[in-house]
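*Asks:* How does the following fold in three dimensions:
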Amino acid sequence: MSQRNKQPPTTWAAFDRGRASSFGSLESITEDENQRREGHSLSESLASRVPGSHRQNQDETGLRRRRSSIAMRFNSIRQMGGVNSIDNFVTSFQRAAAFHEITPVRRGSVSISNADDEEEGHAQERPRRPQLKSMLTEQMQGAEPQSQSPSDTIRPSNDENIVQPEVNEATTLLSAPANQASFSIRSRLGSEQPLGVSYGSISSRLSHSARRRASILIQQQIEASQRTRDLPDEYKDDRTERPVEIETGPDGEIIERTVGESTVPMTIFNSTNVMIGVGILALPLAVRYSGWVIGIGMLTGVAIVTEYTAKLLAKCLDTNTASTTYGDVAFLALGTLGRSLIEAIFLLELTAANVALIILFADSMNSLVPSVTVLTWKAILALGLLPLNFVPFKYLSVTSILGICCVMGIIVLVFTDGLIKPHSPGSLREIATTHAFPSDLRTIPLSLGLFLAPWGGHSVFPAIYKDMRHPQKYPRAVRTTYVSVYSLNLMMVVIGYLMFGERVRDEITANILGSKHYPRVISIIILLLIGIIPITKIPLSNRPMMDTINKKFLIDLRQMDPEARAYSEKHTPHRLARGGIAVLLNIFELGVAIGFPDFDSVMALMGSALCFSICIVLPCWFYLKIFHGSDVIKTPERILCWVLIVVSTILGIIGTICACLPKEKLGIKS
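*Replies:* Sure, this is the predicted structure:
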């Protein structure tokens, strides 16, 4: 494995260009080349001062323009922190906004050298590797394989400074149906495999069927890489190549893994932004349904289990370099059926989330302006957001950060209201009556769905994991994320239940906005924050659903070559079809919001029917299927996964039934 250069760059330009902020510019320029170019720029600058010289940096009067000191100072602030600079955080967050894609376009891959360490705070220069044709590529493309033995050494053709690992793994082509290649990698690895590495192109520990499906994913990745190189520049933004790092493992094995751009702090921020949503507003009601003892126990248990399953998804992704999404994990486990299942569940999850936002907006506005009915407010929001479905995604992704800021602001304002009000209800200075156990056991299944709803980030975790610069640090990032989110959820549970006790409503903000004993200005600010959340979240959630439906009707622009895309963009029937899907999507969500008017019922239904499946049942099931027959899963872990599958399925069914029943049958008074 090539040694990492620990020397910091000697110039700011080298530091600035040492680490790219997008996959399209991963190949760094050497520091000597930077100095040469800077010297050339300096000579041009000196030449521009010669009388009669017509340079671009001179105005009509012949005076040299000077860059604004304010702009330079602002730019230096944006670049502070090296790889964790503000600019890199912004680009990482914009990429994370697109991770909700249900059926993304298959990205290609390029080979680069070892990624640098973000803790050092400076970028490292990368040597450029020669493009070598792997044995896997030769077999897929029908090329004549080169004669190599396990002890052969790959020599670079031009660069003598690049140290290539020795090839000591044999790749064999297994029998498979026509047009389907399946590969097995025989390596000398032990039973333990850390996160963030994939030994060879396909892990030898996969089941036979999973290896065949992994080879299909790699073939799709190779084809996507070829298509990407042939695309015009204006179409390459949506088809970014995924870099693959090639290095040597501890025992000399070849390690090949996908490299991302996000550091650990960026990953924690993106993961927290995904998990912190409006579901947190229903947690005080959940603890009212279950009591302190059972409620806190369920909140803690759900956090521990979902953290474990989030790591299982990473293990499944590490089996081959082509897996990048939750749908790819489902494809490895169940084939095309698994991917179709995931698409259907994700569509339902995103729809339920948008419906909950519409209900929250309408209830909150009606609390402050009761003269306008709830139904009217729902129609105003759903129809008013129609134009945003046609706004380019790059503009929507910038506004998505407002969602987490608004939720955090609501938590702070609810706590402030509790400190201001001196008497119960709604005061933290005189707490309301609470109970350790629920008065009616029939409400416990309903509370379980409410407790699980805020933890539904697993649909995005695979993409976040693959976007990490150092995926082996994913467990640490997940642990920090869950500790932070658990602390916020617990804070809302304690504050909300202590303030209102048995009087807490389905949204804690409804108690605040419905009371006249709080400062009017705080209520207005809370209302504004609630209004911003659906405006920024609903169009973002609609975009992956629109892309998936367009793909089913073969009118998705992302799947077309440039010629077909140019034709489809001007073809009237195609344009009308895409526009009709965007309009009907909001109308459908409005209809569901009218049919299910209770915020807590929608959140409980989403938690029981969808989050149980996405966050617990399916990760465990896919994990068992992908590594079936291998020594990766030990007996205790296999038993644990089956227990989680069975128990979660039973609880999910019970919770779904309770969420659909009238509240009177559960002993809940309106």
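*Asks:* What mean pLDDT does whichever helix in the chain runs longest get?
*Replies:* Ranked by number of residues, the top helix in the chain under DSSP state H is helix 283-317. Helix 283-317 carries an average pLDDT of 94.
*Asks:* So that it lines up with my notes, have the first residue be 17 from now on.
*Replies:* Fine by me, first position is 17 from now on; the one you just mentioned is helix 299-333.
*Asks:* where in this structure is pLDDT low?
*Replies:* Along the chain, the parts satisfying pLDDT under 70 run over 17-85, 87-98, 101, 103-106, 109-110, 112-217, 241-275, 686.
*Asks:* if we go to 80?
*Replies:* 17-220, 236-277, 337, 409-417, 419, 574-578, 682-686 (pLDDT under 80).
*Asks:* Dump the C-alpha coordinates for stretch 507-527 into PDB.
*Replies:* Output of stretch 507-527 as PDB, limited to C-alpha atoms (Å, rounded to 0.1, in the frame of the first residue of the first chain):
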ATOM      1  CA  MET A 507     -35.800  16.400  26.200                       C
ATOM      2  CA  MET A 508     -39.100  16.900  24.300                       C
ATOM      3  CA  VAL A 509     -40.700  13.900  26.100                       C
ATOM      4  CA  VAL A 510     -39.800  15.200  29.500                       C
ATOM      5  CA  ILE A 511     -40.700  18.900  28.800                       C
ATOM      6  CA  GLY A 512     -44.000  18.200  27.000                       C
ATOM      7  CA  TYR A 513     -45.400  15.700  29.500                       C
ATOM      8  CA  LEU A 514     -44.300  17.700  32.600                       C
ATOM      9  CA  MET A 515     -45.900  20.800  31.100                       C
ATOM     10  CA  PHE A 516     -49.300  19.400  30.200                       C
ATOM     11  CA  GLY A 517     -49.600  15.900  31.600                       C
ATOM     12  CA  GLU A 518     -52.800  14.200  30.600                       C
ATOM     13  CA  ARG A 519     -53.900  17.300  28.700                       C
ATOM     14  CA  VAL A 520     -51.100  17.100  26.100                       C
ATOM     15  CA  ARG A 521     -52.500  17.000  22.500                       C
ATOM     16  CA  ASP A 522     -51.300  15.100  19.400                       C
ATOM     17  CA  GLU A 523     -48.900  18.000  18.700                       C
ATOM     18  CA  ILE A 524     -47.200  19.800  21.600                       C
ATOM     19  CA  THR A 525     -47.400  23.000  19.600                       C
ATOM     20  CA  ALA A 526     -51.200  22.800  19.500                       C
ATOM     21  CA  ASN A 527     -51.200  23.200  23.300                       C
END
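*Asks:* need the contact list for Ser108.
*Replies:* Glu277, Ser278, Thr279, Met282, Phe285, Asn286, Asp483 (CB atoms under 8 Å, 6 or more residues apart in numbering). The way it works is simple: take the backbone N, C-alpha and C, and place the C-beta from them, glycine included.
*Asks:* quick one, phi/psi of the fifth one?
*Replies:* Read that as Phe285. Dihedral pair for Phe285: phi -60, psi -50, per degrees, to the nearest 10.
*Asks:* Narrow the contacts of Ser108 to those that are buried.
*Replies:* Glu277, Ser278, Thr279, Met282, Phe285, Asn286, Asp483 (16 or more other CB atoms under 10 Å).
*Asks:* Which of those fall within strands?
*Replies:* Using DSSP state E, no member of these falls in strands.
*Asks:* Next, give me the two most distant ones among the residues you listed.
*Replies:* Spatial extent of the buried ones among the contacts of Ser108 (CB to CB) is set by the pair Glu277 and Phe285 at 13.5 Å.
*Asks:* Out of the contacts of Ser108, flag the one nearest to Thr335.
*Replies:* Asp483 (18.0 Å).
*Asks:* So that closest one is in contact with Val280, correct?
*Replies:* No: the criterion here is CB atoms under 8 Å, and Asp483 misses it with Val280 at 11.7 Å.
*Asks:* is it true that Thr283 touches Phe477?
*Replies:* No: counting by CB under 8 Å, Phe477 is not a contact partner of Thr283; they are 9.9 Å apart.
*Asks:* ok so, going back, for the contacts of Ser108, give me TSV that also has distance to Val599.
*Replies:* Formatted as TSV, the contacts of Ser108 follow (distance: CB to CB, whole Å):
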residue	distance to Val599
Glu277	35
Ser278	35
Thr279	40
Met282	35
Phe285	34
Asn286	31
Asp483	32
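*Asks:* now, which of those sits nearest Val662?
*Replies:* Asn286 (32.5 Å).
*Asks:* Look up how far Ile292 lies from that closest one.
*Replies:* 11 Å (CB to CB, to the nearest Å).
*Asks:* Looks like Asn558 contacts Leu601 (just checking).
*Replies:* Yes: counting by CB under 8 Å, Leu601 is a contact partner of Asn558 at 5.6 Å.
*Asks:* overlap in contacts of the two?
*Replies:* Contacts common to Asn558 and Leu601, judged by CB under 8 Å, 6+ apart, are Asn405.
*Asks:* Ser287: neighbour count?
*Replies:* 26 (other CB atoms under 10 Å).
*Asks:* can you pull the contacts of it?
*Replies:* Counting by CB under 8 Å, 6+ apart, Ser287 touches Gly473, Val476, Phe477, Ile480, Ala493, Val494, Thr497.
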